[in-house]
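Asker: A structural model of the following input is requested.
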Amino acid sequence: MTNKAFLALFLLTFTNLLPAQTAIHATLNKAFTFYEEKQYDSAYKYFTSLKNEIVTSDSFAREIVFGLTASTFFKEVMAKDAGQWDNTIRLATELLNDLTAYHSVMGGELGGKRYYAYKDLVVAYFGLGKKDSAAKYQAILYDAYKNKLLPDGLDQYYNFEKITWKGLNVWGYEWYPNLGDKETEGSFSKQVYYIYSTNANGSDKSQLFRLHTIKIHKLAPGDPKADYVLTYIKSNKDHSESSKTLWDYVFTNPVNYDELHKAVLDFLEKNETQITELTKQ
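Answerer: Here you go, the predicted structure:
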C-alpha cells in the first residue's frame, strides 16, 4: 500500500470514536499531515508521542507503527545524506528496534526497511572510519542476498560509503558477487564510485563520471598478481562512454577498503582541475 493510500484509508475509517480515541485520532491526523508534507521531524515527534498507545489502543496500532517507522526511516535517510553519521546510527538503530518490537502489529509488511537500515549503518560506520563495525551489517546484507531476502533496490548492490570532496558527492556502491561466482564471468565491477556535482543544499545534481574496480582478465593464474584495476568511465552527451584504465591503482581480491578509499581520493586530488571543468559543463 502506498503512503497516500494508507493515509486516505486512515482518514476515512474512524467516525464514531470515544473521547480518548478522538484525542489519539487528532494527534495521528496531525502526524500524517506533517508526513505527507515531508515535514518528517514534526511527523516523527507526533508519532513518537503515541508509542504508548500501540499496546493500549489496538484500533490505532497499525497506523501508529506505520507512521512511526516511516518517519524514523526518512529522518535517518536525511541524516545519512547530510553526513551526520552519529545521528544516522542512532536513528537506524531505533528503527531496527521498533521493527522488532512491533513486528506482531505489522508482520512482514515493513520488513524491507530493515535491510535499508543495515545498509545505512554500513555507510555511517564507513563515514566514521569504523569499518570493523560496518562489517557486521555487510555480512547481514550478503547473507540476505544469498537467501534472496533483499528488497528491490538492494538486491544486486548496496551503497557502502559516501565521501564529500570539495563540494562533490562521491557515492561508493558494491556488488554482491565475488570472483569465481557465475555473475563475475566476463566484464565485472566489484565497486563503483559515482561522482556528482551538487545543488546548493548539498543534494546530487549531475553525475560527472564513475570510478570502477574492474576485474582484470589474467593471461595465466597470478599473471598479473592484481585482481582489479580502477577505471575511469564517463557518459557522454551522445550516450557513448569514454573510459581510461588507471594502472596506478590496482587491488587484490578481496579489495582493501582503506586502499580503495585512498586511491579514489588520490585520483580526485590529482585531477581536480579537469573535474572542476566538468562541473561547468
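
Asker: hey, let's count contacts and neighbours off CA atoms from now on
Answerer: Will do.

Asker: what's near enough to touch residue 266?
Answerer: Contact analysis of residue 266 by Cα atoms under 8 Å, 6 or more residues apart in numbering lists nothing.

Asker: when you give positions from now on, start the count at 44
Answerer: Happy to do that; since the first residue is 44 now, the last one works out to residue 309.

Asker: for it, phi and psi?
Answerer: phi -60, psi -40 (degrees, to the nearest 10).

Asker: now it: how far from residue 113?
Answerer: Distance, residue 309 to residue 113, using Cα to Cα, to the nearest Å: 39 Å.

Asker: and residue 133, by the same measure?
Answerer: Relative to residue 113, and taking Cα to Cα, residue 133 is found at 15 Å.

Asker: same question for residue 251.
Answerer: 32 Å.

Asker: what's the answer for residue 244, then?
Answerer: With Cα to Cα as the criterion, residue 244 and residue 113 are 23 Å apart.

Asker: of these two, who's got more company?
Answerer: residue 113 (21 against 7; other Cα atoms under 10 Å).

Asker: helix/strand/coil for the more buried one?
Answerer: The three-state label given to residue 113 by DSSP: H, G, I helix; E, B strand; the rest coil is helix.

Asker: check contacts around it.
Answerer: Contacts of residue 113 by Cα under 8 Å, 6+ apart: none found.

Asker: so what pLDDT did it get?
Answerer: The per-residue pLDDT reported for residue 113 equals 95.

Asker: check the offset of the helix or strand containing residue 66 from the chain's centre.
Answerer: Using DSSP states H and E, residue 66 maps to helix 62-79. Taking Cα atoms, centre = their mean, to the nearest Å, one finds the center of helix 62-79 at 30 Å from the center of the full chain.

Asker: what's the neighbour count on the residue lying closest to residue 169 once chain neighbours are set aside?
Answerer: If the residues on either side of it in the chain are set aside, residue 169 comes closest to residue 204, at 5.9 Å by Cα to Cα, 6 or more residues apart in numbering. For residue 204, the tally of surrounding residues (other Cα under 10 Å) stands at 21.

Asker: before we move on, what about residue 84?
Answerer: Counted with other Cα under 10 Å, residue 84 comes out at 15.

Asker: got a list of what it touches?
Answerer: Residue 84 touches 114, 118, counting by Cα under 8 Å, 6+ apart.

Asker: mind checking how far it is from residue 251?
Answerer: For residue 84, the distance to residue 251 - Cα to Cα - is 32 Å.

Asker: report pLDDT for residue 101.
Answerer: pLDDT at residue 101 comes out at 69.

Asker: partners of residue 272 in the sheet?
Answerer: residue 257, residue 293 (DSSP bridges).

Asker: thought it was touching residue 289?
Answerer: Yes - using Cα atoms under 8 Å, residue 272 makes contact with residue 289 at a distance of 6.7 Å.

Asker: give me the more crowded residue out of the two.
Answerer: More crowded of residue 272 and residue 289, by other Cα under 10 Å: residue 272, with 21 against 15.

Asker: buried stuff in stretch 94-114?
Answerer: 96-97, 103-114 (16 or more other Cα atoms under 10 Å).

Asker: now stretch 307-319
Answerer: For stretch 307-319, by 16+ other Cα under 10 Å, it's 307, 310-311, 318.

Asker: just the C-alphas of the helix or strand hosting residue 161, formatted as PDB.
Answerer: Element membership of residue 161, judged by DSSP H and E, is helix 154-170. The C-alpha trace of helix 154-170 is given here as PDB (Å, rounded to 0.1, in the frame of the first residue of the first chain):
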ATOM      1  CA  GLY A 154      10.500  -5.900   6.600                       C
ATOM      2  CA  GLY A 155      12.300  -4.200   3.700                       C
ATOM      3  CA  LYS A 156      13.100  -1.200   5.700                       C
ATOM      4  CA  ARG A 157      15.200  -3.400   8.000                       C
ATOM      5  CA  TYR A 158      17.700  -4.000   5.200                       C
ATOM      6  CA  TYR A 159      17.900  -0.400   4.300                       C
ATOM      7  CA  ALA A 160      18.700   0.400   7.900                       C
ATOM      8  CA  TYR A 161      21.500  -2.200   7.800                       C
ATOM      9  CA  LYS A 162      22.800  -0.600   4.600                       C
ATOM     10  CA  ASP A 163      22.800   2.900   6.100                       C
ATOM     11  CA  LEU A 164      24.600   1.600   9.200                       C
ATOM     12  CA  VAL A 165      27.300   0.400   6.900                       C
ATOM     13  CA  VAL A 166      27.600   3.900   5.300                       C
ATOM     14  CA  ALA A 167      27.600   5.600   8.700                       C
ATOM     15  CA  TYR A 168      30.300   3.400  10.100                       C
ATOM     16  CA  PHE A 169      32.400   3.800   7.000                       C
ATOM     17  CA  GLY A 170      32.000   7.600   7.400                       C
END
